[in-house]
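J.: Got a sequence here, can you build the structure:
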Amino acid sequence: MEFCDFVPQAARSYILEMINGEVSKWDGLQRLVDKAKLELDQLAAKNQQKIIRDNRLSAAELKEQQRANFRYKQLLGDLEAVQRLGTDQRMAPTYRNLCGEFNEDEQMLRFLHAAWGARIDFLRHREILESATAISEEIAVEAESLAAKMRELVQTFHDTPLELHSISELLRQTDNYDLDGHNLGMWRIHRDVVLGNPRPHRQASTAAKEDTVVDSSPASESELYQSNLRYAWTLAPDFAGLLSKVAEIMGKFSPQEHGYIGAGVDSRETNEKTAYTRALYKLLKDEHGFEVSLSLKKAMASVTTVILNKPNIDVTTDDISKTISRYEKREAG
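T.: Numbers count the residues shown, from 1 in each chain. Below you'll find the predicted structure:
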């Protein structure tokens, strides 16, 4: 690629590494884009043949192609944003201010990495946060509703399954098939330990020089511990009680994003410029430890305009100052 004359050598090295990558570390954006495009083209061709043959695509097939298309466009946007850091004439004020502010190449690299890193789809993260909040509220309501139904059943008919009353029995009857059953065997072994169930204690017989073993059950601290543990399980709350606690916890739970993503979505303002500026400020200040001086705000203004690259977005230093001020007041209050 052909750099603008004003781009410092440190910035050129960073941009080329982001685009081309290092084989031992990662592929680089260009190769990632090429791979994503190839996968999308192959999937689209396969689906086109399916349409010709069956005159339809399943919902899963359509969703898979949509995901592939989204990933390709996302990576392409990342690549183009990095390229603009070295080829867009609007970057001149950014580098002028950075060269006046920094005396080490590493500082410039960290600024550019923050500028690129803050370019994410904050609208999608906001939607995820709203969805998580709605689901949390549903869990709180439904968990308490189920707990109430279970108590009502017990009051109506006492000969109900033991698992509704005994958490230890529920654990005894429940296997763990997570990770494709990878931990199933280990859970079954350790479940007895958790529940206080004694394991047969096998000890070599000293009465004969044979390979036979005999069961030994000596009174010991281990047996006393297991006995106390089994008794403790009889005092545990029932399943309905646990559900009520889940309802209480979820009723208080408020899903939040943290770090620069949290800064980007932590506002009623949903415009792209505000979200990006907040995230960039958070990265520069908290992740990289920069003091956000006037020169740095000027660099932030010009790089924001370049990274977002929208015809209706032209960011000024005053825009940056106001956004930071509002964010700091919100954080303090």
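
J.: so how far is residue 147 from residue 154?
T.: Going from residue 154 to residue 147 by CB to CB, to the nearest Å gives 11 Å. From N, CA and C alone the C-beta is placed, and that goes for glycine too.

J.: contacting residues for residue 43?
T.: By CB atoms under 8 Å, 6 or more residues apart in numbering, residue 43 lies in contact with 64-65, 68.

J.: What about those, which one has the most neighbours?
T.: Counting neighbours by other CB atoms under 10 Å, the top entry in the contacts of residue 43 is residue 68, with 18 neighbours.

J.: Can you list the buried residues in the helix or strand that one falls within?
T.: Counting by DSSP states H and E, the element that carries residue 68 is helix 59-87. Within helix 59-87, the residues scored as buried using 16 or more other CB atoms under 10 Å are 65, 68, 71-72, 75, 78-79, 81-87.

J.: what do residue 154 and residue 147 both touch?
T.: Common neighbours of residue 154 and residue 147 (criterion: CB under 8 Å, 6+ apart): residue 240.

J.: how many degrees apart are the helix or strand in which residue 307 is found and helix 59-87 in direction?
T.: Here residue 307, judged by DSSP H and E, is contained in helix 294-308. Using axes from the mean of the first three to the mean of the last three CA atoms, to 10 degrees, the inter-axis angle of helix 294-308 relative to helix 59-87 is 140 degrees.

J.: name the helices or strands packed onto the helix or strand following helix 294-308?
T.: Note on helix 294-308: by DSSP H and E, the next helix or strand toward the C-terminus is helix 317-332. Applying 3 or more CB pairs under 8 Å, 6 or more residues apart in numbering; DSSP states H and E, one finds that helix 317-332 contacts helix 272-282, helix 294-308.

J.: circling back to that earlier point, and of the contacts of residue 43, the nearest to residue 20?
T.: Using CB to CB, residue 68 is the member of these that sits closest to residue 20, with 23.6 Å.

J.: Name the nearest residue to the closest one, ignoring sequence neighbours.
T.: Counting by CB to CB, 6 or more residues apart in numbering, the nearest residue to residue 68 once its immediate chain neighbours are dropped is residue 40, at 4.6 Å.

J.: ok, that neighbour - contacts?
T.: Contacts for residue 40 (CB under 8 Å, 6+ apart) come out as 65, 68-69, 71-72.

J.: about what we covered before: select, out of the helices and strands packed on helix 317-332, the one closest to residue 134.
T.: Closest to residue 134 of those is helix 272-282 (CB to CB; 21.0 Å).

J.: which other helices and strands contact that closest one?
T.: Under the contact criterion of 3+ CB pairs under 8 Å, 6+ apart, helix 272-282 touches helix 122-156, helix 259-265, helix 294-308, helix 317-332.

J.: Deepest in the core, which of those is it.
T.: helix 294-308 (a mean of 22; mean count of other CB atoms under 10 Å).

J.: who does it touch, helix- and strand-wise?
T.: With contacts defined as 3+ CB pairs under 8 Å, 6+ apart, helix 294-308 has these neighbours: helix 59-87, helix 92-101, helix 105-117, helix 272-282, helix 317-332.

J.: could you dump the helices and strands packed on helix 317-332 to JSON lines with distance to residue 177 and mean pLDDT?
T.: Below are the helices and strands packed on helix 317-332 laid out as JSON lines (distance: least, CB to CB, whole Å; pLDDT from 0 to 100):
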{"stretch": "helix 272-282", "distance to residue 177": "39", "mean pLDDT": "93"}
{"stretch": "helix 294-308", "distance to residue 177": "45", "mean pLDDT": "96"}
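
J.: Please identify which of those is closest to residue 318.
T.: Taking CB to CB, helix 294-308 is the member of the helices and strands packed on helix 317-332 nearest to residue 318, at 8.4 Å.

J.: Outside of the helix or strand where residue 11 lies itself, which residues are in contact with it?
T.: Using DSSP H and E, residue 11 sits in helix 9-20. Helix 9-20 is contacted from outside by 1, 3, 7, 28-31, 79, 82-83, 85-86, 95, 105, 108-109, 112-113, 116, using CB under 8 Å, 6+ apart.

J.: Kindly recompute the last result at 10 Å.
T.: 1, 3-4, 7-8, 25-31, 33, 78-79, 81-87, 91, 94-95, 98-99, 102, 104-113, 116 (CB atoms under 10 Å, 6 or more residues apart in numbering).

J.: swap in stretch 229-249?
T.: Contacts to stretch 229-249, defined as CB under 10 Å, 6+ apart, come from residues 136, 139-154, 161, 163-172, 193-198.

J.: what does the average pLDDT come to for that stretch?
T.: The average pLDDT within stretch 229-249 is 89.
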